[in-house]
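> 3D model of this:
(2 chains)
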Amino acid sequence: MRLSPNISVDPEAPRSLWADAFQRLLDNRLALFGLGFFVFISALCYLGPFVYRLNPDSQVLALDSQLPFANVQLVEVRYDAEKATPDETTTLDDFVEVYAKNPEADLAALAQSGTLVLGDIHFRTLSRFHLLGTDSKGRDILARIMRGGRISLGVAFLATLTALVIGVNYGLISGYFGGRVDALMMRVVDILYALPFLIFVILLMILFDGFRFKILLVFIAIGAVEWLTMARIVRGQVLHLKEQDFVAAARATGVKTFSILTKHLAPNLLGPVIVYSTLLIPAVMLLESTLSFLGLGMQANMASWGTLIKEGQESMRSAPWQLIAPSLFFSATLFAMNFLGDGLRDALDVKSDKD
Amino acid sequence: MLTFILKRLGQAIPVLLAIYTITFFMIRLAPGGPFSDERKVAPHIIERQMEYYGYNEPLPVQFVNTLVQHVKLDLPPLTSHIGLTAADIISESFPVSLELGLWAMFIALMLGIPAGVVAASRQNSWLDYTPMSLAMTGICLPTFVVGPVLALVFGIYLRWTSVAGWAGPIDRMLPSLTLGLYYAAYIARLTRGGMLEILSSDFVRTARAKGASEFRAVVVHALRGGILPVISFLGPALAGLVTGSFVVETIFQVPGLGRHFVLAAVNRDHSLILSTVLFYASLIMLANLAVDVLQVLLNPKLRYK
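Below you'll find the model as predicted:
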């Protein structure tokens, strides 16, 4: 094992499993890169809107499909000067066509002072910078990607959590009690593995299309598909752990079964569960985006990355960046998560039944 | 072997029954039905329709009736296609999906196995790193990113193929490639892993010691054992191809069964949904069985168990 020279290591000092694993992770450049990129993407999606303050829902139809790095001039129209949000946002051309009484003079006045009052209507110029351009409805793409990322990541975490809770509990019980209980519970898992689950998920999404809490349904559907492998991994681990002396000692001193499961076995499962969860997050993101791409996921104002890619595909002929920008963000995040998961698996030395 | 196959077929029956039950009640409990139309239809017409399609019986009776119809393969008429049954729809559109899936599998095997074999036999050289980095890329890129990007490059910029459709042979290229690339990447990784294990085993060393050429040692002696992980992956791969085909058929507007399934659910055509789900499930289970049989045939360790 290679250690960086500036860390003084006392050869006598015991090192925990976690310290070892952490050191191995630090030695794995790809995994560190994955972790770094994931932190960057999360920061961009959650903190980015405080810096890049464009509203992802603000549509200016006249400014559709602007190229990346577009700097556009707009005119805010207010019927009441005190109002914070404008009644309308329009382009200079539309201003001339719709509102101006004496186009050239009005435009010149507006350009000079930035504000103008015609009758009761207040106008104010506004320049907007679209880093990644706009979509086919004139909405800012980067702002939409940041919000889409929050939705994709949020769904991925919650669905992974659902899978984790079901899978860990199922695996713990099945593995610990063993015998007939185990045989029956694992038979159920085997049968569920054979089911064409995604067909059911797609069916569920279409049939409950108008359902109000569809986002909840997305968690449940994805969580219900993804817990099976988690249950198998946990069960395998428990089968091995329960034969160890510390469990026998706990049982001999009369510790209750519930406490053995939660206090003695569960902490020892942390490694494999963390590894598998890290690999599960990109898988879940992929599933959620696939549903959104098919038009079965979130509703329109909750556009995840899958929805953005779908919209980009529809206009790729005239505006390819609308497809390329969200695709790059999505693929890069999947890459980073997979590298991180692989790195954690190597660091914690967990054998997975995949590959 | 025959008892093994018969036993597996027997085990499939309760699974299919479970799938039937889940699907039946899921579509029946969902809001909306085949007769809830936006247009106003006279109540006596709806009543006649309900009677014709067997909806006026109590739910448990319908459950049994539909089950019997599926067992006898005498399928009921569809509500979304007048005068047709699910068998007509499936026999018309499934060959398209099958062709797409077979092309995709062909591409996956033709790209994946050679890449994996080369990578394993030149471990830790650029011939290993290059295909394996490409494979990692292929696994991470989702189908619905690969498809539109391929269509953009080959359909719009280079104008080699059409962007969507399923008319001529050239139209097969992009959908098959889109569906196949992920599996090519996965198969390349599996082949490399399997080959690495076999190439270090005694019988390959013996073959080399007896003067077999490198090509003979790798391709004739090692490959048969080395691709076993690929064979066991084919079962899950088929299930993935089915769902992958939903996405690919949507991207490229391929008139396959995947699109019909999505449309059937949108139209609330209960009997088409039910028949398609059962068809898919049987297909996946038959494929898994075929893969298991193939595995036993290729792996002498399993043969005598």
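> So which bits of chain A are right by chain B?
Neighbours of chain B within chain A, by C-beta under 8 Å from any C-beta of the partner chain: A:191, A:194-196, A:198-200, A:202-204, A:206-208, A:210, A:282, A:286, A:289-290, A:293-294, A:306, A:309-310, A:312-313, A:316-317, A:320, A:323-324, A:327, A:330-331, A:334-335, A:338, A:355. C-betas here are computed from N, CA, C, even on glycine.
> Let's see that with 7 Å instead.
Residues of chain A lying close to chain B (C-beta under 7 Å from any C-beta of the partner chain) are A:191, A:194-196, A:198-199, A:202-203, A:206-208, A:210, A:286, A:289-290, A:293-294, A:309, A:313, A:316-317, A:320, A:323, A:327, A:330-331, A:334-335, A:338, A:355.
> what about A:L116, which helix or strand?
A:L116 is located in strand A:115-118, with elements delineated by DSSP states H and E.
> With B:D74 instead?
Residue-wise, B:D74 maps onto no helix or strand under DSSP H and E.
> What of A:D342?
With elements taken from DSSP H and E, the one containing A:D342 is helix A:321-348.
> and if you look at A:L126?
In this structure, A:L126 is located in strand A:121-130 according to DSSP H and E.
> now the next helix or strand after that strand, how far from the centre of its chain.
Beyond strand A:121-130 in the direction of the C-terminus, DSSP H and E gives the next helix or strand as helix A:141-177. For helix A:141-177, the distance between its averaged C-alpha position and the chain's averaged C-alpha position is 10 Å (C-alpha atoms, centre = their mean, to the nearest Å).
> any idea of the angle helix A:141-177 forms with strand A:121-130?
Here helix A:141-177 runs at an angle of 60 degrees relative to strand A:121-130 (axes from the mean of the first three to the mean of the last three C-alpha atoms, to 10 degrees).
> and the residue positioned nearest the centre of chain A, what does it touch?
Geometric centre of chain A, nearest residue: A:L153, 1.5 Å, by C-alpha atoms, centre = their mean. Going by C-beta atoms under 7 Å, 6 or more residues apart in numbering or on different chains, A:L153 touches A:S42, A:C45.
> and residue 62, how many neighbours does it have?
Using chain A here. By other C-beta atoms under 10 Å in any protein chain shown, 14 other residues sit near A:A62.
> not quite, I wanted chain B
17.
> mind exporting the helix or strand hosting it as CSV, just the C-alpha atoms?
Here B:Q62, judged by DSSP H and E, is contained in helix B:59-71. Provided in CSV are the C-alpha atoms of helix B:59-71 (Å, rounded to 0.1, in the frame of the first residue of the first chain):
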residue,chain,number,x,y,z
LEU,B,59,-65.1,-9.1,-12.2
PRO,B,60,-64.2,-12.5,-10.9
VAL,B,61,-66.1,-14.1,-13.8
GLN,B,62,-64.3,-11.9,-16.3
PHE,B,63,-61.0,-12.9,-14.6
VAL,B,64,-61.7,-16.6,-15.2
ASN,B,65,-63.1,-16.1,-18.7
THR,B,66,-60.1,-14.0,-19.9
LEU,B,67,-57.8,-16.6,-18.4
VAL,B,68,-59.5,-19.4,-20.2
GLN,B,69,-59.3,-17.5,-23.5
HIS,B,70,-55.6,-17.0,-23.0
VAL,B,71,-55.0,-20.6,-22.1
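> which SS state does the residue of the stretch 51-200 of chain A found nearest chain B fall under?
At 4.1 Å from chain B, A:L198 is the closest residue in the stretch 51-200 of chain A, using C-beta to the nearest C-beta. Going by DSSP: H, G, I helix; E, B strand; the rest coil, the secondary structure assigned to A:L198 is helix.
> Centre of the chain to the helix holding A:D342, how far?
Between the mean C-alpha location of helix A:321-348 and the chain-wide mean there is a distance of 11 Å, by C-alpha atoms, centre = their mean.
> In chain B, where is pLDDT below threshold?
Under the criterion pLDDT under 70, the flagged ranges of chain B are B:32-40, B:302-305.
> Run through the residues of it sitting next to chain A.
Counting by C-beta under 7 Å from any C-beta, the residues of chain B near chain A are B:15, B:19, B:26-27, B:30-31, B:140-142, B:144-145, B:148-149, B:152, B:156, B:189, B:193, B:239, B:242-243, B:246-247, B:250-251, B:262, B:265-266, B:273, B:277, B:280-281, B:284-285, B:288.
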